[in-house]
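1. Sharing a model prediction with you, sequence too.
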Amino acid sequence: MSNLKEKIVHEVKKTFLVTTYFAIGLNLLVILAVLISDKIDFKWGYIGAATFSAALTGKVVVILESVGIDLKLNRTKLLNIVWLKSLLYTAVIFITILIEDIIKGMVSDDLTFSEVIKHIIHSFESDFFLGRAIYMIVLFGLYHFIFEVDKFLGATDLFDMVFSRFYHPKQKEFVVMHIRWDYSLDNEVDQLKKVQELSYKINQELFKHKGNVDKYELNGMYCVWENTKTEKFETKAEQFFKSLEKLDGKDSIVNIRGAITTGTIDLAEVGGFLKKEILRVGDAFHKVAIASEKTAGVPLRKV
């Protein structure tokens with residue numbers, strides 16, 4: 001579930017980033033056209049149309065990249081990759097816009113198919129169409145150059161240098177629990193399969209008790225609850241552990257035990273612009289890890 005959430009967040013951020021880039025570029029074209037030509041008057045509708053085109057372009061770009069349409073170009077020079085992908089993406093975008101115009105003309109404007117096609121062909125003959133095509137190729141060229149250089153440097157490194165910042169750690173009070181278990185299996189591959197099944201069940205119970213997973217291990221995991229001024233979660237954590245005790249002895253998992261404490265934890269965001277994670281550091285993690293050893297003698301030990 002957490003991997004799906006991270007993927008969704010990553011895709012949303014990437015779509016927003018790409019859409020923002022094309023929104024700035026296309027709106028800049030509108031502003032330049034108004035400033036240069038005396039025949040064009042500024043209208044807010046132009047900004048709306050450019051922003052809508054940017055949203056459409058951003059979504060198409062993310063889809064094209066997700067299906068790996070450029071895999072065959074990876075062995076050639078950077079310059080070839082940039083201009084080939086720019087031409088390819090521009091062609092796909094104009095085909096998408098063409099389909100959109102046909103549907104819009106037939107549905108919204110109540111035109112026949114032949115009338116829509118004649119209108120589109122007439123627009124192809126205008127200088128505006130040629131200028132827009134050249135401008136889109138330039139926009140895509142800059143876009144692909146940035147992303148190919150970023151890919152060469154390392155995932156999102158270029159964007160991290162521009163957009164990311166250093167985060168000062170924050171201190172918050174957490175309930176920290178470390179859970180351990182043993183296996184009736186000796187093979188590590190079989191143990192890994194069992195922990196995958198167990199982690200799914202634990203995540204379901206943890207969600208019901210308003211907790212989060214901090215870190216997984218082969219034979220254990222750290223769970224955390226963030227206390228607030230109005231709500232404390234130690235009771236919820238204890239109830240969560242009681243629900244886990246019912247799993248003891250099932251699916252080759254035995255001797256479920258744990259340790260719990262409440263303490264101050266340092267938090268910081270780590271990672272890059274497109275993907276960030278929360279890093280939690282504190283003595284509480286070390287305390288519960290030691291207290292959850294077999295020598296603790298009780299299923300759940302309070303530290």
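-> Looks like it arrived, so ask away.

2. State the phi and psi torsions of Gly211.
-> Per-residue torsions, Gly211: phi -110, psi 170 (degrees, to the nearest 10).

3. Check which helix or strand Ala49 maps to.
-> Per DSSP states H and E, Ala49 falls inside helix 44-66.

4. tell me which residues in the next helix or strand after that helix are buried?
-> Using DSSP H and E, the helix or strand that follows helix 44-66 towards the C-terminus is helix 78-107. By neighbour count on 16 or more other C-beta atoms under 10 Å, the buried set for helix 78-107 is 81-83, 85-86, 88-90, 92-93, 96-97, 101-102, 105. From N, CA and C alone the C-beta is placed, and that goes for glycine too.

5. and what of stretch 110-117?
-> By neighbour count on 16+ other C-beta under 10 Å, the buried set for stretch 110-117 is 111, 116.

6. what do you get for stretch 227-240?
-> 227, 233, 236-238, 240.

7. Can you give the distance of it from its chain's centre?
-> Distance, stretch centre to chain centre, for stretch 227-240: 29 Å (C-alpha atoms, centre = their mean, to the nearest Å).

8. which residues sit against it?
-> 172-175, 177, 205-206, 208-211, 223, 225-226, 260, 262, 300 (C-beta atoms under 8 Å, 6 or more residues apart in numbering).

9. What's the end-to-end length of it?
-> Taking C-alpha to C-alpha, to the nearest Å, stretch 227-240 runs 16 Å from one end to the other.

10. State the mean pLDDT of it.
-> When pLDDT is averaged along stretch 227-240, the result is 91.

11. ok, now stretch 34-52?
-> pLDDT averaged over stretch 34-52 gives 74.

12. Centre of the chain to that stretch, how far?
-> Worked out by C-alpha atoms, centre = their mean, stretch 34-52 lies 33 Å from the chain centre.

13. Buried members of the contacts of stretch 227-240 into PyMOL, please.
-> Listed next is the PyMOL selection for buried residues among the contacts of stretch 227-240, using 16+ other C-beta under 10 Å:
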select buried, resi 173+174+175+177+205+206+209+211+223+225+226+260+262+300
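
14. Looking at the contacts of stretch 227-240, which are in strands?
-> Using DSSP state E, the subset of these located in strands is 172-175, 177, 223, 225-226, 260, 262, 300.

15. In CSV: those, plus distance to Phe145.
-> Compiled in CSV, the ones in strands among the contacts of stretch 227-240 are given as follows (distance: C-beta to C-beta, whole Å):
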residue, distance to Phe145
Lys172, 42
Glu173, 47
Phe174, 44
Val175, 49
Met177, 49
Cys223, 45
Trp225, 46
Glu226, 42
Ile260, 52
Thr262, 51
Leu300, 56
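
16. Pick out whichever of these sits closest to Ile117.
-> Glu226 (59.5 Å; C-beta to C-beta).

17. The closest one touches Lys172, doesn't it?
-> Yes: the pair Glu226 and Lys172 qualifies as a contact (C-beta atoms under 8 Å) at a distance of 6.0 Å.

18. before we move on, the earlier item: name the surrounding residues that touch the helix holding Ala49.
-> Here helix 44-66 makes contact (C-beta under 8 Å, 6+ apart) with 11, 14-16, 18-23, 25-27, 29-30, 34, 70, 89, 92-93, 96-97, 100, 143.

19. how much space between Gln239 and Tyr222?
-> 18 Å (C-beta to C-beta, to the nearest Å).

20. let me redo that: Val60
-> In this view, Val60 and Tyr222 are 41 Å apart by C-beta to C-beta.

21. now do Gly48
-> Taking C-beta to C-beta, one finds Gly48 at 49 Å from Tyr222.

22. and these two? which has more neighbours close in?
-> Tyr222 (20 against 11; other C-beta atoms under 10 Å).
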